[in-house]
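Asker: model this:
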Amino acid sequence: MRRPRWWAELILIAAVYAAYSCGRLLARGDRAAAVDHGLAVLRAEETLGLDLEHPLNRLFTATPALGIPADFAYASLHYLVTPAVLVWLFRRRPAAYRAARTWLMLSTLLGLVGFTLLPTCPPRLLDPAHGFADTMARFSAYGWWGGEASAPRGLGGLTNQYAAMPSLHVGWALWCGVMLWRYGRSPLVRALGVAYPLLTALVVMGTANHYFLDAAAGAVVMGAGLLLAPHAMRLTDRVITGGSRQSAPLVGGGWETSAGERIPGQRSAPTAADDTPASAR
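Answerer: Down below sits the predicted model:
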């Protein structure tokens, strides 16, 4: 397959990410509704015995050697690893790149729908009586962030702190993991493909930025994007080609392919001068 044009891909990805970021800001919900949704998620987890974020958050808060690296990971890795995997696919796996990029973009836009319909207060912003500590606020002296999630100090107004459901930190990490596992050649790369999404899930819960069900919803959103991606690509192809089907491609000089052939063969009609029986040719 022909490699996509890098500048066109850069423009497309930048446009989708800008739309996602602006939409995420515009999707800010009412704080009271977001808190109610966050408490509903927490109660559901407690009923199901899935409130894993409580013990993880206590561990990260009491152990700076875990909490500080986790804060750095939360604030930076999804901005670094996801583009790096995209570039790696573009350069090393061009045949797989388009489908992978479409899957990532569709899932990101589906996540935006979740932020809009269900603004959710993360555990760190609940009343302290619920037992959560904001590790990023506690260890903010070690990094560039303040008390407003991963936003640099003074820029908290440029982020939507109630966009906890679903967790695209986990969703993007899962996408990266699948790509590394599927297309990595070395055991180390494939091991990183398994470790990265698991580590990200632990980080988002331990820093009290997401509930376990947020992480699960991030995986569900990625699954939905994966199912929709082939349909989106077919629709795009139909729009680009105007819905027309091309005949067998001519290669040049009478060489063309037929159904079932991998290598083109030359077709030439016999001339009048050529009266040699076919069996004698």
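
Asker: shouldn't residue 41 be in contact with residue 216?
Answerer: No. Here residue 41 lies out of contact with residue 216, judged by CB atoms under 8 Å, at a distance of 10.4 Å. C-betas here are computed from N, CA, C, even on glycine.

Asker: Which one's more surrounded, those two?
Answerer: Using other CB atoms under 10 Å, the more surrounded residue of residue 41 and residue 216 is residue 41, with 25 against 17.

Asker: List phi and psi for residue 143.
Answerer: The phi/psi pair for residue 143 (degrees, to the nearest 10) reads phi -140, psi -170.

Asker: Quick check: the gap between it and residue 71.
Answerer: 6 Å (CB to CB, to the nearest Å).

Asker: what do you get for residue 130?
Answerer: Distance from residue 130 to residue 71, by CB to CB: 20 Å.

Asker: More neighbours: the two, which one.
Answerer: For the pair residue 130 and residue 71, the greater number of neighbours falls to residue 71 (27 against 12), based on other CB under 10 Å.

Asker: Please spell out the segments of this structure that come in under the pLDDT threshold.
Answerer: Across the chain, the ranges flagged by pLDDT under 70 are 1-3, 23-29, 146-158, 243-281.

Asker: mind checking the backbone torsions on the residue minimising distance to the centre of it?
Answerer: The centre of the chain sits closest to residue 172, judged by CA atoms, centre = their mean, with a distance of 3.4 Å. Dihedral pair for residue 172: phi -70, psi -40, per degrees, to the nearest 10.

Asker: How about residue 163?
Answerer: Dihedral angles (degrees, to the nearest 10) for residue 163: phi -100, psi 60.

Asker: Grab the nearest non-local neighbour of it.
Answerer: In this structure, residue 163 finds its nearest non-sequential neighbour in residue 115, 4.2 Å apart by CB to CB, 6 or more residues apart in numbering.

Asker: number of nearby residues for the one you found?
Answerer: By other CB under 10 Å, the residues close to residue 115 number 24.

Asker: Just the CA trace of the strand or helix carrying residue 61, in CSV.
Answerer: Take DSSP states H and E as the rule and residue 61 turns out to sit in helix 53-62. Output in CSV follows, covering the C-alpha atoms of helix 53-62 (Å, rounded to 0.1, in the frame of the first residue of the first chain):
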residue,chain,number,x,y,z
GLU,A,53,-9.0,2.9,43.7
HIS,A,54,-9.3,3.3,47.5
PRO,A,55,-6.4,1.0,48.5
LEU,A,56,-4.3,2.1,45.6
ASN,A,57,-4.8,5.7,46.5
ARG,A,58,-3.9,5.1,50.1
LEU,A,59,-0.7,3.3,49.0
PHE,A,60,0.3,6.0,46.5
THR,A,61,-0.4,8.8,49.1
ALA,A,62,1.6,7.1,51.8
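
Asker: from the middle of its chain, how far away would it be?
Answerer: Between the centre of helix 53-62 and the centre of its chain there are 27 Å (CA atoms, centre = their mean, to the nearest Å).

Asker: which element follows that helix toward the C-terminus?
Answerer: Scanning forward in sequence from helix 53-62 by DSSP H and E, the next helix or strand is helix 64-92.
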